[in-house]
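Undergrad: Give me a 3D structure for the following:
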Amino acid sequence: MKLLLIIVCVGLLSTTLLACRSIIVPPGKTQNKFSFGIIADCQYHNEEGSGVRKYAKSKEKLESCVTHFNSLDLTYIIHLGDFIDRDYESFDVVVPIYNKLKMPKYHVLGNHDFSVSDDMNEKVPRKMGMSSSYYDFEVKGWRFIVLNGNDISFHAYPKYSKEYNFASTYYIQNKVSSPKWNGAIGEEQMVWLKKKLEKATKKNEKVIVYCHFPVYPENIHNLWNAHEVIALLENYPVVKGYVNGHNHKGNYGFKNGIHYLTFKGMVDTKETAYGIVMIFTDYIEVLGYGREVNRILKISD
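TA: As a prediction, the model looks like this:
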């Protein structure tokens with residue numbers, strides 16, 4: 001009985017410490033303003049998968065992650081795209097799990113989210129609970145801008161549709177060297193982004209931009225018009241970070257005051273991968289779980 005009691009106590013202590021990890025402030029650090037959770041590339045499918053890619057295991061990994069998030073005081077959760085690997089029916093497995101989150105929850109659209117039959121493409125955003133494919137929201141003086149990198153895409157529209165043909169023309173005329181499974185931000189969305197950045201500047205808000213596709217450092221996974229997006233972001237010093245998924249290995253770069261952070265894919269591991277982000281006055285702290293790494297990202301006014 002004593003042995004059983006010790007085991008139970010140790011287990012409870014471990015769980016408590018894990019739950020408190022994101023709210024314990026080390027000596028010398030100021031209390032964080034708020035914290036939120038990030039997941040990238042759950043990419044569920046009922047196929048077991050091969051190599052490092054474990055599609056079916058994403059269900060239990062997502063369940064565990066949601067349980068952990070619900071035990072913490074987090075402002076919101078965001079998934080950075082590729083919620084499924086393929087097949088519209090895959091949403092029926094992971095959407096109910098994600099919807100168990102007790103706090104506000106958001107999605108970014110990924111290329112694999114549109115790996116469904118052509119007649120189901122336009123239903124994907126609504127299935128994921130999205131009223132718009134790109135949008136923004138504010139938390140305590142921070143503006144979070146969610147982009148749709150499938151705006152110009154071979155994946156997001158029925159084959160040979162007007163939008164598909166436009167993507168084909170764009171790809172050829174711009175001599176895009178990035179693979180066709182990436183995409184681009186369209187002109188209308190770029191205008192919208194500029195207006196949001198101008199508004200954030202006037203309100204003295206700090207900005208983090210979310211997208212499924214990276215833009216920096218140079219990488220095979222980057223948006224087709226990555227340089228155009230970077231040029232726009234760098235015009236606004238209020239932009240402190242650009243956060244994405246897509247490259248399951250993860251990545252990081254810093255350029256002209258902006259942190260470019262790629263979260264590791266949850267699907268590519270027997271373990272898991274997700275993070276908790278803590279916003280402080282002059283830095284951002286990332287607490288990595290599973291194979292996601294810890295980071296301290298300095299920010300300036």
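Undergrad: Please make it C-alpha for all contacts and neighbour counts, starting now.
TA: OK.
Undergrad: which residue sits closest to residue 180 in space, ignoring its chain neighbours?
TA: In space, and not counting its chain neighbours, residue 180 is closest to residue 154: 6.7 Å by C-alpha to C-alpha, 6 or more residues apart in numbering.
Undergrad: In a helix, residue 179, correct?
TA: No: assigned with DSSP: H, G, I helix; E, B strand; the rest coil, residue 179 falls outside any helix and is coil.
Undergrad: What score does the closest residue to it other than its chain neighbours have for pLDDT?
TA: Using C-alpha to C-alpha, 6+ apart and skipping the chain neighbours, the partner closest in space to residue 179 is residue 220 (7.1 Å). For residue 220, the model assigns a pLDDT of 98.
Undergrad: quick check, residue 220 in a strand?
TA: No: with three-state DSSP as the criterion, residue 220 is assigned coil and is not in a strand.
Undergrad: Please tell me I have it right and it contacts residue 176.
TA: No: applying C-alpha atoms under 8 Å, one finds residue 220 not in contact with residue 176, separated by 11.3 Å.
Undergrad: still on that earlier bit, just list the residues touching the residue nearest to residue 180, thanks.
TA: Contacts for residue 154 (C-alpha atoms under 8 Å, 6 or more residues apart in numbering) come out as 164, 167-168, 180-181, 183.
Undergrad: which of the residues you listed tops the neighbour count?
TA: Comparing the contacts of residue 154 by number of neighbours (other C-alpha atoms under 10 Å), residue 183 comes first, having 29 neighbours.
Undergrad: Now residue 39. Its backbone dihedrals?
TA: Dihedral angles phi and psi of residue 39 (degrees, to the nearest 10) take the values phi -130, psi 140.
Undergrad: which parts of stretch 249-257 are buried?
TA: Under the neighbour-count criterion of 16 or more other C-alpha atoms under 10 Å, stretch 249-257 has 250-251, 257 buried.
Undergrad: same check, this time on stretch 233-245
TA: Quick answer for stretch 233-245 (16+ other C-alpha under 10 Å): 233, 236-245.
Undergrad: Which one of the residues you listed is nearest to residue 300?
TA: Distances from residue 300 to these, taken as C-alpha to C-alpha, are shortest for residue 240 (8.2 Å).
Undergrad: element containing the closest one?
TA: Element membership for residue 240 (DSSP states H and E) is strand 239-244.
Undergrad: Just the CA trace of that strand, in PDB.
TA: Extracted in PDB, the C-alpha atoms of strand 239-244 (Å, rounded to 0.1, in the frame of the first residue of the first chain):
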ATOM      1  CA  VAL A 239       5.900  43.400 -36.700                       C
ATOM      2  CA  LYS A 240       7.900  41.300 -34.200                       C
ATOM      3  CA  GLY A 241       7.300  37.800 -35.500                       C
ATOM      4  CA  TYR A 242       6.200  35.600 -38.400                       C
ATOM      5  CA  VAL A 243       5.200  32.100 -37.200                       C
ATOM      6  CA  ASN A 244       4.400  29.100 -39.400                       C
END
